[in-house]
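# I would like the atomic coordinates for the input below:
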Amino acid sequence: MYKSLQPWRSLCKQRTGFYKSPLAQARCMHERLTETTPPFRRIPPLPVKVGELRLRCSEFDSQGFFTSTEDEFRKTDFCQQHSLLPRDLRTIDTSSLYQKPSILVRSEAILVNMAHLKALIKWDRVVLFNTYGSADSYNQNMFIYDLQERLRSQKEELPFEFRTLEAMLIAVTSSLQSEMEVFEGPVNKLLNDLENLADIEESVNGHQLRELLQYTKKLSKFEQDCLSIRDVLEELLDHDDDLAAMYLTAKKTNKPRASSDHEEVELLLEAYLKQTEEIAAKASTLRSHMRSTEEIVQILLNVSRNSLIWYDIRLSIITLSATIVGVYGALFGMNLKNYFEDDPFAFGLVTGISLLSGVGVFAVSVRKLKTLAKIKV
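Alright, predicted model coming up:
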């Protein structure tokens, strides 16, 4: 312990030219330790080296058989192997949960990122990237099964890359259609229950309104996903050069297509673009029905609220009129001489005046209320 303090003693001596008192030496050493290793400071983790970033993927050959399963590749090696640029891998980055759909056409490959599928398509193989939470998903397993069936089938006349792309589009549109059917049942039931209410004050509860709000948010996100996929397909169909470059097998056999010769892939994309638009249109229609029902319920609730306010105002007017009548009783109920005690007509006169005052206040208040309640356009 004494030897470990010697450097700090020497440092204090260098600063002042002489040894300080024990208290001063301790203070000096504490300040120095605080300067070098401040307490409670969190050391940030070292960044991962760029060359060590990895991708986990599975690979299929042209016959639909696995050539590799759950293998990891460094991004740099993967880019060199498939003639890609590092920025191309941003579209299939498996570390991100929310990404915009995209279809990138490169000289030797097609990168597809749609819904739950992320894949690299080449002329003789397809690389399927494992995304977060999708390894055991039903949609992923169905896609792999359908892809293997299509690749092993000899009836298809389309090139390998188009058969793979069609299998992905089928999986995506089927997933969207299934999700849309899941929404339609409970949403239509909820809308029918709200539209068939006989008494809005007694039938509507907070649970139904919360369900309507939750379904509105979910359906809005679902519609946005459909529109994103539709926009990707539309953008690809607007570029003839990309459509012609998608013929990877033709380029491999030294028979590249001209920029205007892409009928097969255009018809393929148009078919699934139409299906995606139909699903998006259904979602939009269902959302409009939900908004209409929500507006109707809101109007009925406003009417009910206005009725309660109207009743409360009338009750307040009656209370005011009764208070005016009670003022006369309070005035004449005091034990003071007013010379009306012996008058035989005083009681009837005071009672009549008090009642007339109460009725007059009530009539004036109701008339004023009706005037204010008129809607002036």
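# CA only for contacts and neighbour counts going forward, please
Will do.
# what strand or helix carries the most centrally placed residue in the chain?
The centre of the chain sits closest to residue 221, judged by CA atoms, centre = their mean, with a distance of 5.5 Å. Using DSSP states H and E, residue 221 falls within helix 206-237.
# check residue 296 too.
Under the criterion of DSSP H and E, residue 296 resides in helix 263-332.
# measure residue 147 to residue 268 for me?
The gap separating residue 147 from residue 268 is 16 Å, by CA to CA, to the nearest Å.
# those two: who's more crowded?
Higher neighbour count among residue 147 and residue 268: residue 147, with 24 against 15, using other CA atoms under 10 Å.
# dump the residue contacts of the more buried one.
By CA atoms under 8 Å, 6 or more residues apart in numbering, residue 147 lies in contact with 64, 164, 167, 168.
# list the buried ones in the host helix or strand of it?
Using DSSP H and E, residue 147 sits in helix 138-152. Using 16 or more other CA atoms under 10 Å as the test for burial, helix 138-152 gives 139, 140, 143, 144, 146, 147, 148, 150, 151.
# dump those to a markdown table, plus pLDDT and distance to residue 173.
Shown next, in a markdown table, are these (pLDDT from 0 to 100; distance: CA to CA, whole Å):
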| residue | pLDDT | distance to residue 173 |
| --- | --- | --- |
| 139 | 72 | 11 |
| 140 | 76 | 13 |
| 143 | 83 | 11 |
| 144 | 84 | 15 |
| 146 | 83 | 14 |
| 147 | 84 | 15 |
| 148 | 84 | 18 |
| 150 | 81 | 17 |
| 151 | 80 | 19 |
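# a markdown table for those, including distance to residue 255?
Formatted as a markdown table, those follow (distance: CA to CA, whole Å):
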| residue | distance to residue 255 |
| --- | --- |
| 139 | 36 |
| 140 | 34 |
| 143 | 31 |
| 144 | 30 |
| 146 | 29 |
| 147 | 26 |
| 148 | 27 |
| 150 | 24 |
| 151 | 22 |
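# tell me the one of those nearest residue 347?
residue 139 (90.6 Å; CA to CA).
# any idea how far that closest one is from residue 306?
Distance, residue 139 to residue 306, using CA to CA: 51 Å.
# residues of stretch 286-296 that come out buried?
Quick answer for stretch 286-296 (16+ other CA under 10 Å): 286, 287, 290, 293, 294.
# sorry, wrong one. I was asking about stretch 349-358.
350, 354, 355, 357, 358.
# go ahead and list the helix or strand containing the first one.
Spelled out, it's residue 350. Counting by DSSP H and E, the secondary-structure element that holds residue 350 is helix 346-373.
# likewise for residue 120?
strand 117-121.
# list the helices and strands the helix or strand following that strand packs on?
The element immediately downstream of strand 117-121 (helix or strand, assigned by DSSP H and E) is strand 125-129. Counting by 3 or more CA pairs under 8 Å, 6 or more residues apart in numbering; DSSP states H and E, the packing neighbours recorded for strand 125-129 are strand 54-61, strand 117-121.
# any idea which of the ones you listed scores lowest on pLDDT?
Among those, strand 54-61 carries the lowest mean pLDDT, a mean of 81.
# which residues are in contact with residue 66?
Neighbouring residues of residue 66 by CA under 8 Å, 6+ apart: 58, 59, 60.
# any idea which of those residues is closest to residue 345?
Using CA to CA, the contacts of residue 66 come closest to residue 345 at residue 58, 108.3 Å.
# run a quick neighbour tally on that closest one.
Around residue 58 there are 17 residues (other CA under 10 Å).
# the one 4 residues further on too?
By the other CA under 10 Å criterion, the neighbourhood of residue 62 contains 17 residues.
# how far away is it from residue 55?
Remark: distance between residue 62 and residue 55 (CA to CA) = 22 Å.
# so who does residue 208 touch?
Residues in contact with residue 208 (CA under 8 Å, 6+ apart) are residue 190.
# so who does the spatially closest residue to residue 355 that is not a sequence neighbour touch?
The shortest distance from residue 355 to any residue other than its chain neighbours is 6.0 Å, reached at residue 325 (CA to CA, 6 or more residues apart in numbering). The contact partners of residue 325, by CA under 8 Å, 6+ apart, come to 354, 355, 357, 358.
# what about residue 168, distance to residue 357?
84 Å.
# cool, and residue 174?
From residue 174 to residue 357 the distance is 77 Å (CA to CA).
# what are the ranges of the helices in the stretch 51-200 of the chain?
For the stretch 51-200 of the chain, the helices defined by DSSP state H, counting those that start in this stretch cover 75-82, 138-152, 160-195, 200-203.
# adding distance to residue 230, write those out as JSON lines.
Formatted as JSON lines, the helices of the stretch 51-200 of the chain follow (distance: least, CA to CA, whole Å):
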{"stretch": "helix 75-82", "distance to residue 230": "28"}
{"stretch": "helix 138-152", "distance to residue 230": "20"}
{"stretch": "helix 160-195", "distance to residue 230": "11"}
{"stretch": "helix 200-203", "distance to residue 230": "40"}
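# before we move on, back to that, turn the helices and strands packed on strand 125-129 into TSV, including distance to residue 262.
Putting the helices and strands packed on strand 125-129 into TSV (distance: least, CA to CA, whole Å) gives the following:
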stretch	distance to residue 262
strand 54-61	25
strand 117-121	18
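# nearest to residue 108 among the buried residues of helix 138-152?
Set against residue 108, the nearest of these by CA to CA is residue 151 (19.4 Å).
# my read: the closest one touches residue 64, true?
Yes. Applying CA atoms under 8 Å, one finds residue 151 in contact with residue 64, separated by 5.2 Å.
# would you list the phi and psi of residue 109?
According to degrees, to the nearest 10, the main-chain angles of residue 109 amount to phi -160, psi 170.
# any idea how far it lies from residue 326?
93 Å.
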